[in-house]
Every structure is written in C-alpha cells, then in structure tokens.
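Student: sequence plus the predicted model coming up.
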Amino acid sequence: MKNPLSRATFIPIRLYVGLAFFLSAIDILADGLPTWIITFSETATKGIESDRVWAIYKPILSGLVVPNITFFAWAVFLGFIFLGFAIVVGAFMRIAALLALFLQVNFMLARGESFLGPHSDGLLIGMELALILAAAGRVWGVDQYLHRRWPQPYLY
Amino acid sequence: MPAHTTVFAQKKAGHQSLGRAAAIIRIVTGIAYATSASFKIRAGHNGFTETMNWMINERWIDETFSFYRPFLDAIVLPNAELFSFLVTWGEAAVGVGLILGIFTRFTAAFALFISLNIVMASGVLPGAPQADWAFVIAGLTILITRAGRTWGIDKILLARFGHKPWW
C-alpha cells in the first residue's frame, strides 16, 4: 500500500494558515492603519483590566506593549503580511511557522483564552507546530529549491 | 556508515516527523471538539437547543448558503431537539476518537461531515479567516494522513489487524 504520509498532504494546512494571516493584513489595510492602531491599543488596554488574562502576561501588556503600542501594532501588521506570504509560498517555512506560532500564542494570552478551548487559536497553534515538524515548504514551495541548493534542516 | 544506510535513516526520520505533525493536528482538533461538546453538555439539553434555534433563525439568517436553507427550515428546525442531541454527542464522540486516535479515518470523516454542515449553515466563505474552515481543513488532513497511526490506538490496531480503511 502506498504510504499516505507525504509533505503534499500538509499543503491545505499551509494554505489555510498562510491565508488566515495574509487576509488579516488585508482586513487591516481595508479599515486603515490608524484604525488598526486604535483597535490594537484598545484590545491591549482591555487585556490589562480583564480578569480572564493570565496574571503572568499582564506585566508584559502594561510594561512593554502599551507604552510602545504603535511599534507593536506595526510589528503585528507586518508579521501578518510577511508570515502569511512566506507560509503560502512555502519560503523559510520552519522559521516563518515558528514566528507565526509565537504571534498566535501571544494573541491567545492577550485575549485570556485557554489553550484547550473550542476556538480556532489552539487549532491554529497545532497547525503551525505541524508545519514546523513537516517542513511543509519543501513540496510545491520555495523551500524545495532552497533545500536543494543549500541543504540544511532548521530554516526550511 | 554506508551511504544507503544514511539515506534510509534520513527518510525514516522524515517519515516520523510527518507522522508526528499529523498526530498533533489530530489531537488539537480532538481537544477542540471535546471542549465544544462539554460546553453544550453543561448548557443542558434545552440550553443548546435554544442556542441552535437562535443561530439558525437569527444569527445566520442572511448568511446560510441558499441551497442549504431549505434543509435547515424543513428538517433541522422541526426536529431541533434531535439535531442538538446529535451535534452534541457527535462532537463528543469525534473529540474522544481523535484524541485517542481510534478508528481515526472514520472519525475524521465524521468530523469533516459536521464541520462542512456548520460551514454551510454559517455561510462562511473559504477565503475568510474563520474558525469554521480550520476544522474542515484539519478534518481533511487527518483523513488523508491516517493520523491515528502515530501516538494513537490505531497503531496497535494496525499491528494486530493489518491495513483497514477506517484506520
């Protein structure tokens, strides 16, 4: 029997995760970046006051994110664009999926959601972990060429 | 070490990574279904029936795919209690099945069926970054990767009974 496990089977996951990030950036652009900075600031401020947000994460919001809100709003927006694009085209997949995972965990902590809830955050985190493990850009992706030219296991 | 042995070892390691990647997707999807079912069970039988009626009649009223609306109006709403029971316990069964990795392909097909029905009822398009499509994509991936064969009971079933279509 032909083995069903191949990197190609992870392409739907790659496209979904990449497009989810990329379309979030398009939504931000459609509303305008000033609106995004205000929304981002309101979310972070609500997180500091919310009982749902983990106590361990509140000092990060109040001491680091809120004082530098414009920087972080831009960083998240650019992260959506570059990570979304890199994951869709399969470029530097392992590093891109790792950064996407970092972003996703931070969103989850900032919203005070559990890792085990019936929402999509936990599922997306699992999908990003799977993309890292599967090195999913090596099929129908830029990583296929990068790996052939400069073989190494960690970046792609 | 001979060159062919190194290539074999690399292929085996790569195969293990893919199996683990599929198992992670299976387990997080199972946890999401199980927690969703537990919320519905805690809401009580009537609690979820009311929520389901509200979603179909109000929240999704203008969004449901047009070909799916007659099914909701003619079959689901008149039998709302039955369908809320089926959704709740169907999600619970899928959640447990996926977490344990037992009869995974059968369970994943059922998960895919549930998530596709939710997508058609909520009218979410594939391009939108919504949770509903994440469950469709995850179900499809679990189905095609036979994800229960790593960190799952299907590994034992495979060793005992050989290849079968449902694991």
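Tutor: Right, received. Where do you want to start?

Student: buried set for stretch B:27-41?
Tutor: For stretch B:27-41, burial by neighbour count (16 or more other CB atoms under 10 Å in any protein chain shown) applies to B:27-38, B:40. Placement of C-beta: from N, CA and C, glycine included.

Student: got the residues of chain B near chain A?
Tutor: Counting by CB under 8 Å from any CB of the partner chain, the residues of chain B close to chain A are B:15, B:17-22, B:24-25, B:27-29, B:31-33, B:35-36, B:39, B:127-131, B:133-135, B:137-138, B:140-141, B:144-146, B:163.

Student: please indicate which of those residues are buried?
Tutor: B:17-22, B:24-25, B:27-29, B:31-33, B:35-36, B:129-131, B:133-135, B:137-138, B:140-141, B:144-146.

Student: possible to save the buried residues of stretch B:27-41 as CSV with pLDDT?
Tutor: Shown next, in CSV, are the buried residues of stretch B:27-41 (pLDDT from 0 to 100):
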residue, pLDDT
B:27, 95
B:28, 93
B:29, 94
B:30, 95
B:31, 93
B:32, 91
B:33, 93
B:34, 94
B:35, 91
B:36, 90
B:37, 92
B:38, 91
B:40, 89
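
Student: which of those residues fall in helices?
Tutor: Among the buried residues of stretch B:27-41, DSSP state H puts B:27-38, B:40 in helices.

Student: in helices, which of the buried ones among the residues of chain B next to chain A appear?
Tutor: B:17-22, B:24-25, B:27-29, B:31-33, B:35-36, B:131, B:133-135, B:137-138, B:140-141, B:144-145.

Student: what residue ranges in chain A score low on pLDDT?
Tutor: Low-confidence segments of chain A, defined by pLDDT under 70: A:1-4, A:115-119.

Student: ok, now with 90
Tutor: Residues of chain A that meet the criterion pLDDT under 90 lie in A:1-8, A:20, A:23-24, A:43-62, A:66, A:105-124, A:147-156.

Student: the helices in chain A, which residues?
Tutor: Counting by DSSP H, the helices of chain A are A:11-31, A:33-49, A:58-60, A:69-89, A:93-111, A:120-134, A:142-149.

Student: so for chain A, the centremost residue is which one?
Tutor: Central residue of chain A (CA atoms, centre = their mean): residue A:100, 2.5 Å from the mean position.

Student: again with chain B
Tutor: Nearest to the mean C-alpha position of chain B, counting by CA atoms, centre = their mean, stands residue B:111 at 2.9 Å.

Student: residues contacting that residue?
Tutor: B:29, B:33, B:94, B:98, B:135, B:138, B:139, B:142 (CB atoms under 8 Å, 6 or more residues apart in numbering or on different chains).

Student: let me know the pLDDT of the fourth one.
Tutor: In the prediction, the pLDDT value recorded for residue B:98 is 96.

Student: what's the local residue count around it?
Tutor: When neighbours are defined as other CB atoms under 10 Å in any protein chain shown, residue B:98 has 31 of them.

Student: please, which helix or strand holds it?
Tutor: For residue B:98, the element it lies in under DSSP states H and E is helix B:80-100.

Student: report the distance from the least confident helix or strand in chain B by mean pLDDT to the chain centre.
Tutor: Every helix and strand in chain B was compared by mean pLDDT, DSSP states H and E; the lowest is helix B:3-43, with a mean of 81. Distance, stretch centre to chain centre, for helix B:3-43: 13 Å (CA atoms, centre = their mean, to the nearest Å).

Student: one more: stretch B:44-61?
Tutor: Computed by CA atoms, centre = their mean, the chain-centroid distance of stretch B:44-61 equals 21 Å.

Student: end to end, how far does it reach?
Tutor: Stretch B:44-61 has its terminal residues 24 Å apart, counting by CA to CA, to the nearest Å.

Student: separation between residue B:67 and residue B:123?
Tutor: Residue B:67 sits 11 Å away from residue B:123, taking CB to CB, to the nearest Å as the criterion.
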